[in-house]
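K.L.:
please work out how this folds:
(one chain, ligands or ions: 3)
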Amino acid sequence: MGKLIVQKYGGSSVANVKRLTNVAKRIDSYVKAGNRLVIVVSAMGDTTDELVSLSKKINPSPSEREMDMLISTGEQISSSLLAMALHKKGVEAISFTGPQVGIITDTYHTQAKILKIETERIKKELAQGKVVIVAGFQGISTALEITTLGRGGSDLSAVALAVATGADMCEILTDVEGIYTADPRLIPEAKKISYITFDEMLELASRGAQVIQTRAVEVAKKFNIPLNVRSSFSKKEGTIIMEKAPYIEEAVVRGVTLTEDEAKVTICNLPDKPGIAARIFDRLATENINVDMIVQNVSHKKITDISFTVPKASVAKTIKLSKGIAKRVGAGEVLFDESIAKVSVIGVGMKSHSGVAAKCFSALARSKINIEMISTSEISISCVVRKRAGKGALKVLHKAFDLNAAKL
Ligand code: ADP
Ligand code: ASP
Ligand code: MG
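P.N.:
Numbers count the residues shown, from 1 in each chain. Ligands and ions are numbered 1, 2, ... in the order given. This is a model prediction of the structure:
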């Protein structure tokens, strides 16, 4: 029996009739080579964004259940159209929604987690020689409601299906030739990386490289499923994301990222005593707010300020909750600032090399870019700068670590 391959085609790869037809041609060549295929598709082009903005025109704060009913439709369109394109080529194929193939999730609308996948239906159709097409980004909750898996969630559908079906390979087909040292749209001289570890990819993705969803990488790491990220427009080799990449020598820095999706919130004049930070961040955590960087000022007369960053989408909720806490603990104003950007430098080689932080800060200083907040992990350094300085900071860091000339 041939290999079982899960392939995910992103929005730009299925954006119009011509591209869908090209995808069908590519799938046909894999079928002719004797492979069995499970195909996951995203919505065509910017369909999901368009559906989101349509909903906001009707109601600025729509119910999350209804949002899922709406935004899950994009993937149904592309999956059925792809099945039709394959039929036209004489390839046997059948499309399904996430619920139809038993992708069972929890009940968190718009951010649901996959609990299990019942693979009987997929296996039955594969055994009959069909290409199985699954609408990405969606599932059915334990309360029998349609759910979606967070933006970029078709990547997660693909990885989870690869785990559940025991696939031999999982390919993420997109509009770039793989993972680059920086977003090639922002840094045209960025270099393609041949291999990257799950840990590095997790940092890159969670710090702004939207090329693959962070949660998809988490699941791939958990089940040790290597991912091949490559272009749907060419046959060129892509990037392999895996547990231990076969590097001859560790590059200290493998990539840099920029995100403009976060905002800074500051709670002023907090009493500096045990339990205050716990109270703030416990409350935010119970509301599923993802706090990233946290900075507490040196306290003066037992009074201090705490600043932290949250996704822009959570700012309104964060301010409301923070004001409530500030009132209860006798703190002052709650301020927010959406004009920030975060640049990050990532590489497993940082574990064994010193001086990366110094090089990063000096490069930004030489370009007169002011650093407002800093956070580090074992394999990354992130700096918050003014939003208008973000793209320049990314360029400066890419150059400072010689990534323009990197052989990765
Ligand atoms: P898809 O629709 O296939 O899911 P996305 O738009 O989600 O595609 O992701 C692909 C895009 O990710 C690329 O067009 C690229 O601009 C962007 N990107 C950001 N950072 C990187 C990176 N480090 N390497 C490659 N692409 C990146
Ligand atoms: N269509 C969804 C989105 O735009 C899911 C995906 O493309 O992966 O977020
Ligand atoms: Mg994507």
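
K.L.:
number of residues surrounding the residue of the stretch 251-400 of the chain found nearest ligand 3?
P.N.:
Across the stretch 251-400 of the chain, no residue is closer to ligand 3 than D261, which sits at 14.4 Å (CB to the ion). C-betas here are computed from N, CA, C, even on glycine. Residues near D261, counting by other CB atoms under 10 Å, number 15.

K.L.:
doesn't K312 make contact with it?
P.N.:
Yes. The pair D261 / K312 is scored as a contact, 5.5 Å apart, by CB atoms under 8 Å.

K.L.:
quick one: name the residues of the chain near ligand 1.
P.N.:
Residues of the chain lying near ligand 1 by CB under 6 Å from any ligand atom: 10-13, 42, 152, 174-176, 179-180, 182-185, 204, 209-211, 255.

K.L.:
let's see which of those end up in strands.
P.N.:
Using DSSP state E, the members of these that fall within strands are T174, G255.

K.L.:
make a ChimeraX selection of the buried ones in the residues of the chain next to ligand 1.
P.N.:
Applying 16 or more other CB atoms under 10 Å to the residues of the chain next to ligand 1, the buried members can be selected in ChimeraX as follows:
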select :10,11,12,13,42,152,174,175,176,179,180,182,183,184,204,209,211,255
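
K.L.:
doesn't I369 lie inside a strand?
P.N.:
No. Assignment of I369 by DSSP: H, G, I helix; E, B strand; the rest coil gives coil, placing it outside any strand.

K.L.:
for it, give me its contacts.
P.N.:
Residues counted as contacts of I369 (CB atoms under 8 Å, 6 or more residues apart in numbering) are V385, R386, A389, G392, A393, V396.

K.L.:
thought the fourth one was touching S367?
P.N.:
This means G392. Yes. Using CB under 8 Å, G392 is in contact with S367, at 6.5 Å.

K.L.:
who touches stretch 157-169?
P.N.:
The contact list for stretch 157-169, computed with CB under 8 Å, 6+ apart, reads 3-8, 38, 40, 98, 103, 114, 116-117, 119, 122-123, 134, 136-139, 149, 170, 172, 216-217, 219-220, 223, 225-228.

K.L.:
hmm, I was thinking of stretch 270-279
P.N.:
Contact with stretch 270-279 is made by 294, 296, 299, 302-306, 325-326, 329-332, as judged by CB under 8 Å, 6+ apart.

K.L.:
count the residues that sit near the closest residue to A33 other than its chain neighbours.
P.N.:
Nearest in space to A33, with sequence neighbours left out and distances taken as CB to CB, 6 or more residues apart in numbering, is G2 at 7.3 Å. Other residues near G2 come to 12 when the count uses other CB under 10 Å.

K.L.:
could you look up the SS state of G2?
P.N.:
Secondary structure, three-state DSSP: G2 is coil.

K.L.:
repeat that for the one 4 residues further on.
P.N.:
Following three-state DSSP, the label given to V6 is strand.

K.L.:
helix or strand: which one has the nearest residue to it once chain neighbours are set aside?
P.N.:
Distances taken as CB to CB, 6+ apart place A162 nearest to V6, at 4.2 Å, with adjacent residues excluded. Here A162 sits within helix 154-165, counting by DSSP states H and E.

K.L.:
need the CA coordinates for that helix. CSV is fine.
P.N.:
What follows is helix 154-165, C-alpha atoms only, in CSV (Å, rounded to 0.1, in the frame of the first residue of the first chain):
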residue,chain,number,x,y,z
SER,A,154,-6.5,24.7,9.4
ASP,A,155,-2.8,23.9,10.2
LEU,A,156,-4.0,22.4,13.4
SER,A,157,-6.7,20.3,11.6
ALA,A,158,-4.0,18.9,9.4
VAL,A,159,-1.6,18.0,12.1
ALA,A,160,-4.3,16.5,14.3
LEU,A,161,-5.6,14.4,11.3
ALA,A,162,-2.0,13.3,10.7
VAL,A,163,-1.8,12.1,14.3
ALA,A,164,-5.2,10.5,14.3
THR,A,165,-4.8,8.6,11.0
